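> Please work out how this folds:
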Amino acid sequence: MTRRLRFATTAFALLVAGACSDSTGVTGDSLTQSEAFLVFAELQAAIATALGNVATASPASVSGLLQTPLPDVTGACDRGGSVTLSGEYEDNIDPSTGTGTFTFDFLESIDDCVVLAGSTTFTVNGAPNLLITGNVTIDENFVVTGTYTMDGAFRFTADDDRSGTCDVDVDVDLGTGATSGQVCGKSVAS
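As a prediction, the model looks like this:
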């Protein structure tokens, strides 16, 4: 499964998986469940774009990515702004078979990412950032398993005069696509 597909699958699962909400995870004005997930999904799509830009780059660019620390990679948000991914990873993938494991510890920096949710436009920044940690295994049938966790917060301002900060604490099982945790105080499970 490609990185872009994993992030897109996760974002989609978060959009459809929300079950209930509570009052934790938000400072300032609230977002609806749909707004919170649309913002979160856009942030993940921008990461997928950043990783996709690297995957389609020249071999020299890709070899530059395959080092630790990870050089900053940036993806544009659809309506403006960007997300930058940086961090460390350990690669134990056999180059001849494509199988093995890798672990990662990334930082997602958000810079004026513009998101449209219904008729409301949000501008999103890190508060200060999101941390993404995980491990992945690719077996001889190229089945991808593993988990990753996203923790941190983002700040938002909306064109309807709302503003606030949303906590993110999400766990994802890459083998099953199952998610758990919270985004903006909204519980997610799939």
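> now the strands for this structure?
For the chain, the strands defined by DSSP state E cover 18-21, 26-28, 70-76, 82-93, 100-111, 113-117, 120-138, 144-158, 163-173, 179-183, 186-189.
> in its sheet, what does the second one sit against?
Strand pairing for strand 26-28, using DSSP bridges, gives strand 163-173 (antiparallel).
> cool, the fourth one as well?
Here the strand partners of strand 82-93, with direction, are listed using DSSP bridges: strand 70-76 (antiparallel), strand 100-111 (antiparallel).
> Could you tell me the least trusted of those strands?
Per-stretch mean pLDDT for the strands paired with strand 82-93 is lowest at strand 70-76 (a mean of 84).
> The strands of the chain into CSV, with extra columns for mean neighbour count and distance to residue 37?
C-beta here means a position set from N, CA and C on the backbone, and glycine is covered the same way. Listed next are the strands of the chain as CSV, based on neighbours: other Cβ atoms under 10 Å; distance: least, Cβ to Cβ, whole Å:
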stretch, mean neighbour count, distance to residue 37
strand 18-21, 14, 6
strand 26-28, 16, 14
strand 70-76, 17, 19
strand 82-93, 16, 16
strand 100-111, 18, 16
strand 113-117, 19, 9
strand 120-138, 18, 12
strand 144-158, 19, 13
strand 163-173, 19, 11
strand 179-183, 20, 6
strand 186-189, 20, 7
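> closest one to residue 38 among those strands?
Residue 38 sits nearest to strand 113-117 of all those, at 4.3 Å, using Cβ to Cβ.
> Quickly run through the sheet partners of the closest one, with directions.
strand 120-138 (antiparallel).
> per-residue confidence averaged over the partner strand?
The model assigns strand 120-138 a mean pLDDT of 94.
> what angle separates that strand from strand 144-158?
Angle, strand 120-138 to strand 144-158, by axes from the mean of the first three to the mean of the last three Cα atoms, to 10 degrees: 170 degrees.
> Can you list the low-confidence ranges for this protein?
For the chain, the stretches with pLDDT under 70 are 1-24, 53-70.
> Next, the angle from the biggest helix by length in the chain to strand 144-158.
For the chain, the longest helix by residue count, based on DSSP state H, is helix 33-55. Helix 33-55 and strand 144-158 meet at an angle of 120 degrees, taking the same axes, to 10 degrees as the criterion.
> Centroid-nearest residue for the chain?
residue 44 (3.7 Å; Cα atoms, centre = their mean).
> What residues does residue 27 make contact with?
Applying Cβ atoms under 8 Å, 6 or more residues apart in numbering to residue 27 gives the contacts 164-165.
> ok, what's across the strand from it?
Residues in beta-bridge contact with residue 27 (DSSP bridges): residue 165.
> Great, nothing more from me.
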